[in-house]
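1. Give me coordinates for this.
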Amino acid sequence: MELRKYQIDAISRTRDSLANGNRKVILHAPTGAGKTVMSTEIISLARGKGSKVLFLANRRELIFQAKETMIEFGISPGVIMAGEEPSHKDSVQIASMQTYVRRMNLSSLSTNPWFHDANIIIVDECHSSISPSYQKILQSYKNNVVTIGLTATPCRGDGRGLGEYYDDIISTADIGDLISQEFLVPVRYFVPSTPDLAKIKTIAGDYDKKELGARMDNKKLVGDIVDNWLKICPNRKTIIFAVNVKHSKHIINSFISVGIEAEHIDARTPAEERAEVLNRLKNGSTQIVSNVGILTEGFDFPAASCIVLARPTKSLGLYLQMAGRGLRIFEGKGNMILIDHGGCVEDHGLVEWSREWSLDGEEIAWKKKEIEGKEKAMLKCRACNLVYENSDKCPDCGTVPISFGKKIETVDADLEEVTATKTAATMGEKRRWYGMMLHYGRAKGWSDGAAAHRYREKFKVWPKGLKGTATIEPDNTFLSYQRHLQIKYAKSKNKR
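-> All right, here's what the predicted structure looks like:
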């Protein structure tokens, strides 16, 4: 397998760090950068020197992914995991953290057949390795054993660094670099709403889940998720991150009620059923999967081109993990759409921002890298809800922002809200829309006068000069807009 230039460079710098006396090193690489490939190359080089390797992971999907990659490199690893046939003689062992820590308790390490006497330990998703279970494993090895941690987010859940255990961080190319090199897709951000999170308690560095669930799981907020998805990207395979099971199921039921195929999974969903749901998402029979804490790690689904954040989080790491599920390239996929209903973009910034990471366990583990020259503010278009930066107008609808001075504080920068200005549609765009409205109305038996009234509702003027416009078959954007109007009308009727 041919490695990319940045992967070769990261492996070289990791080895240099170890040669300089560091025994516990984090190899930091964004989602899609190929952490498993880089670690397998390190394993291959280590085996050439007679070393034994233990690869630790905390999910079955990650274990099987690592095994497949190693086999591609010509390595046949043993697997230590419930339900798997062991092979103790192999110099490379992939172990489920949960299984391994349980089997270490069976007898003393000197006589325990499950204990792999490794020279190198590789910890996948190492942001979890400060936990007691991981530490029980890691502390059982001698001080001269090398530990290499792999993660896209080298910080604890509360945002602090991992210096309690690790000595050094080696960072590869960041997300912005990988997007520019076309290894990841670019992101378009839409922030239709920002929740009221006042007075919600903080527990272990993030919002209290019980209080957060009660705040986010209401009819209006759930309805906003459906309405905005229909307006922004109704034809995309979508993953939604919800607060809790009740919240997730309410979201799914709301999509189903308007004819969208959608399903829910969580940690209690049996593995076989979970696989079936994801297969239906893959083949298109399901368009949306909402989940609770199950698809943040160890889940590769490149076809997903829309991520909906229905849950706020104070954790930058969790935000990047959730958003990262849609970054991988896929045939016909030009970008990823991130629809944020949790205020995450305002709190943490854009996914592709370049960040410097620290091991400091007392401070927030990251800061935005300074870029030469004055940076423009991150802006939210009040006309279409697109979030963008470094532009004098909205790149989507052309609206020119006019600041009214309000600043929304973020972790590292200010997000400037802007006033809405009327989006000026060209005459060609108006004619095209009117043509689709005529086609749509005639199919429903409406008079052309009804189409003119619909035109006036949208553009605030009558369709003067458009007499004789040919009918045009409606596209998906038009149909989604009509569906949005129908839902809006139905809601107002129910209220009355």
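
2. I239: what secondary structure?
-> Under DSSP: H, G, I helix; E, B strand; the rest coil, I239 falls in the strand class.

3. Test of understanding: give the bridge partners of it.
-> V289, I307 (DSSP bridges).

4. okay, now it: neighbour count?
-> 21 (other C-beta atoms under 10 Å). Using the backbone N, CA and C atoms, a C-beta is placed for each residue, glycine as well.

5. Tell me if I'm right that it and V289 touch.
-> Yes. Taking contacts as C-beta atoms under 8 Å, I239 lies within contact range of V289: 5.7 Å.

6. intersection of neighbour lists for these two?
-> L295 (C-beta atoms under 8 Å, 6 or more residues apart in numbering).

7. Now do the contacts for the spatially most central residue of the chain.
-> Centroid-nearest residue in the chain: A323, 1.8 Å away (criterion: C-alpha atoms, centre = their mean). By C-beta under 8 Å, 6+ apart, A323 lies in contact with 187, 307, 309, 338, 344, 351.

8. how's this structure carved up into domains?
-> With domains defined by automatic domain parsing, the chain comprises 5-173, 187-353, 427-480.

9. Now distance to E363 and mean pLDDT too, for these, in TSV please.
-> Shown next, in TSV, are those (distance: least, C-beta to C-beta, whole Å; pLDDT from 0 to 100):
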stretch	distance to E363	mean pLDDT
domain 5-173	7	93
domain 187-353	13	93
domain 427-480	45	83
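
10. Dump these to TSV, plus distance to K393.
-> Listed next are those as TSV, based on distance: least, C-beta to C-beta, whole Å:
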stretch	distance to K393
domain 5-173	30
domain 187-353	15
domain 427-480	16
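
11. List phi and psi for P302.
-> Main-chain torsions, P302, degrees, to the nearest 10: phi -60, psi -30.

12. going forward can the numbers begin at 57, since that is how I track them
-> Got it, first residue is 57 now, which makes that one P358.

13. Now do the strands in the stretch 357-506 of the chain.
-> For the stretch 357-506 of the chain, applying DSSP state E, counting those that start in this stretch gives strands covering 362-365, 392-396, 411-413, 422-424, 434-436, 442-444, 459-465, 470-474.

14. Out of those strands, point me to the one whose mean pLDDT is lowest.
-> Ranked by mean pLDDT, those end with strand 470-474 at the bottom, a mean of 27.

15. buried ones in the longest helix belonging to the chain?
-> Scanning the chain for the helix with the most residues, using DSSP state H, yields helix 532-551. Using 16 or more other C-beta atoms under 10 Å as the test for burial, helix 532-551 gives 534, 536-540, 543.

16. Check stretch 346-364 too.
-> Quick answer for stretch 346-364 (16+ other C-beta under 10 Å): 346-355, 357-364.

17. And stretch 243-258, by the same measure?
-> Buried, per 16+ other C-beta under 10 Å, within stretch 243-258: 243-248, 250-251, 253, 256.

18. got the end-to-end distance for that stretch?
-> For stretch 243-258, the first and last residues are 29 Å from each other (C-alpha to C-alpha, to the nearest Å).

19. Quick one: distance of it to the chain centre.
-> Remark: stretch 243-258 is offset 16 Å from the chain centroid, using C-alpha atoms, centre = their mean, to the nearest Å.

20. just stretch 504-515 next, same as before
-> Centroid separation for stretch 504-515 versus its chain: 40 Å, with C-alpha atoms, centre = their mean.

21. Likewise for stretch 486-497?
-> 37 Å.

22. ok, the residue nearest to G261 when sequence neighbours are not counted - contacts?
-> Sequence neighbours aside, D214 is the residue nearest to G261 in space, at 2.5 Å (criterion: C-beta to C-beta, 6 or more residues apart in numbering). Contacts for D214 (C-beta under 8 Å, 6+ apart) come out as 260-262, 371.

23. do the same with D504
-> 494, 497-498.

24. now with 7 Å?
-> Applying C-beta atoms under 7 Å, 6 or more residues apart in numbering, we find D504 in contact with L494.

25. Can you give me the distance of it to M492?
-> Noted for D504: a distance of 13 Å to M492, by C-beta to C-beta, to the nearest Å.

26. In the stretch 207-356 of the chain, what residue spans correspond to helices?
-> Using DSSP state H, counting those that start in this stretch, the helices of the stretch 207-356 of the chain run over 231-236, 265-272, 275-288, 301-313, 327-339.

27. Distance of the nearest residue to D146 once chain neighbours are set aside relative to M160?
-> Among residues not flanking D146 along the chain, G134 sits closest, at 3.8 Å (C-beta to C-beta, 6+ apart). G134 sits 16 Å away from M160, going by C-beta to C-beta.

28. Equivalent analysis for R498, please.
-> If you go by C-beta to C-beta, the gap between R498 and M160 works out to 73 Å.

29. count of neighbours near N335?
-> By other C-beta under 10 Å, 11 other residues sit near N335.

30. Just the buried residues of stretch 243-258: which are in strands?
-> Among the buried residues of stretch 243-258, the members falling in strands (DSSP state E) are 243-246.

31. Turn these into a markdown table, columns for distance to V109.
-> Output for these, formatted as a markdown table (distance: C-beta to C-beta, whole Å):
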| residue | distance to V109 |
| --- | --- |
| V243 | 35 |
| R244 | 41 |
| Y245 | 40 |
| F246 | 44 |
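
32. which of the residues you listed lies closest to W170?
-> Each of these was scored against W170 by C-beta to C-beta, and V243 proved nearest at 43.2 Å.

33. Now list the buried members of the contacts of D214.
-> The neighbour count (16+ other C-beta under 10 Å) marks 261-262, 371 as buried among those.

34. Out of the domains of the chain, the one nearest C440 is which?
-> Closest of those to C440 is domain 243-409, at 7.7 Å (criterion: C-beta to C-beta).

35. so how far is the first residue of that closest one from its last?
-> Its first and final residues considered, domain 243-409 spans 11 Å by C-alpha to C-alpha.

36. Over to stretch 176-185?
-> 15 Å.

37. With stretch 183-191 instead?
-> Note: stretch 183-191 ends 12 Å apart using C-alpha to C-alpha.

38. ok, I312 touching H306?
-> No. At 10.8 Å, I312 does not count as touching H306 under the criterion of C-beta atoms under 7 Å.

39. Compare these two (neighbour count), which wins?
-> The residue with more neighbours, out of I312 and H306, is H306; 21 against 14, by other C-beta under 10 Å.

40. quick one: the more buried one and G279, what's the gap?
-> Distance, H306 to G279, by C-beta to C-beta: 10 Å.
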